[in-house]
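*Asks:* I would like the atomic coordinates for the input below:
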Amino acid sequence: MKTSDFYFELPKEQIAQEPIADRSASRLMVLHRKTGGIEHRKFTDIVDYLRAGDCLVRNNTKVIPARLFGVREDTGAVIEFLLLKRREGDVWETLVKPGRKARAGAKINFGDGRLYGEVVDVQEDGNRLIRFFYDGIFEEILDELGQMPLPPYITHTLEDKNRYQTVYARYDGSAAAPTAGLHFTEELFSTIEEKGVSVANVTLHVGLGTFRPVKVDDVANHHMHSEHYFIEPEEAEKINRAKREGGRVICVGTTSCRTVESAAEKGMVRADESDTQIFIYPGYRFQVMDELITNFHLPESTLLMLVSALAGREFVLWAYEEAVREGYRFFSFGDAMLITD
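*Replies:* Next comes the predicted model:
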């Protein structure tokens, strides 16, 4: 299976540059796997496709303002740091641009001295480990100095940081939002739960590897990035109850999918905390997830491959062509898709 098998043409003007005013007012394309049919709906119609006894699984990670601009103390060079993962204490793995200005031992000043950093190691992949020094609470300083790490295809400035957070975001740790969840409002969740659908929370901290292109020709040779996840016992039980009682497990986004599939055991989910590098592409047999709510993804991306594993590559690419013709908005701030039976 070739990476090029997942290519499609997308006009640049259909890449959504900013969120729409009302989260739940986006469009919804519904893919029916059994009939091969497609419906064009609005996102609030998602309720019509849910049944009592189903379990909706959402990723409650919270995006941190992980983009920092610092000044190298000895040269005055401006360097951009993207915080990827806290390694231990105040040491973070970071993506640096330009890397040549952040060699081991370099000392960086952020925010006129509110925050200092020292590059303590350069890793094989070019990422830097940086140790931070500060007075006060790191998260508060980061919120003051940092910017939201928007994907590279979004060039507009985001006026409201909260629009790159889900309304249920809880645990700090992501460098990117689980964007399928951006369509939901508290009111919509209330309507869903009133219908008898349970809502389970899992946590997977999304890394920037999500946006890294697949650079190999053979899909099977792609090396996935590692992401940390955890599932609490009571949340695992909600998912397992739906499985036992004949309900469907419907994941909100590819990160929720990767979480439950990483913690799958004999068709159920175990309460767990671990790192996952799971790579889902056509041929994969889903153990837990039955259906998926997702956005429209980049050509040749691992996320498009995951969606194709669930609905079939040819069907998905045909649906994407239809989405282009119908003027759907693509990627993080774009419209949504439901893959159902």
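*Asks:* Show the pLDDT at the most far-flung residue of the chain relative to its centre.
*Replies:* Going by C-alpha atoms, centre = their mean, the residue of the chain most distant from its centre is residue 74, 37.2 Å out. pLDDT, residue 74: 92.
*Asks:* what does residue 213 give?
*Replies:* Value for residue 213, per-residue pLDDT: 82.
*Asks:* Does the closest residue to it other than its chain neighbours lie in a helix or a strand, and which?
*Replies:* Leaving aside its sequence neighbours, residue 213 sits nearest to residue 300 (C-beta to C-beta, 6 or more residues apart in numbering; 6.7 Å). Heads up, the C-betas are built off the backbone N, CA and C, glycines and all. In this assignment (DSSP states H and E), residue 300 forms part of neither any helix nor any strand.
*Asks:* what about residue 71, which helix or strand?
*Replies:* Using DSSP H and E, residue 71 falls in strand 67-72.
*Asks:* for residue 273, helix, strand, or coil?
*Replies:* strand (DSSP: H, G, I helix; E, B strand; the rest coil).
*Asks:* Let me fix that, I meant to ask about residue 240.
*Replies:* Going by three-state DSSP: residue 240 is helix.
*Asks:* so it touches residue 267, yeah?
*Replies:* No: the criterion here is C-beta atoms under 8 Å, and residue 240 misses it with residue 267 at 9.1 Å.
*Asks:* which stretches of this protein form helices?
*Replies:* 138-145, 186-194, 233-244, 254-262, 302-311, 313-325 (DSSP state H).
*Asks:* elements contacting the second one?
*Replies:* Packed against helix 186-194 by the contact rule (3 or more C-beta pairs under 8 Å, 6 or more residues apart in numbering; DSSP states H and E) you find strand 198-204.
*Asks:* returning to that earlier point: show me what the strand holding residue 71 is in contact with.
*Replies:* 77-83, 101-102, 106-110, 115, 117, 142, 145-149 (C-beta atoms under 8 Å, 6 or more residues apart in numbering).
*Asks:* Would you mark the buried spots in it?
*Replies:* 67, 68, 70, 72 (16 or more other C-beta atoms under 10 Å).
*Asks:* Kindly indicate which of those lies nearest residue 247.
*Replies:* residue 67 (40.1 Å; C-beta to C-beta).
*Asks:* how far away is the nearest residue to that closest one once chain neighbours are set aside from residue 96?
*Replies:* Excluding the flanking residues, the one nearest residue 67 by C-beta to C-beta, 6+ apart is residue 147, at 4.2 Å. According to C-beta to C-beta, to the nearest Å, residue 147 and residue 96 sit 15 Å apart.
*Asks:* Which one's more surrounded, these two?
*Replies:* Per other C-beta atoms under 10 Å, whichever of residue 147 and residue 96 has more neighbours is residue 96, with 22 against 15.
*Asks:* didn't the more buried one look like it was pressed against residue 127?
*Replies:* Yes: Residue 96 is within contact range of residue 127, at 7.5 Å (criterion: C-beta under 8 Å).
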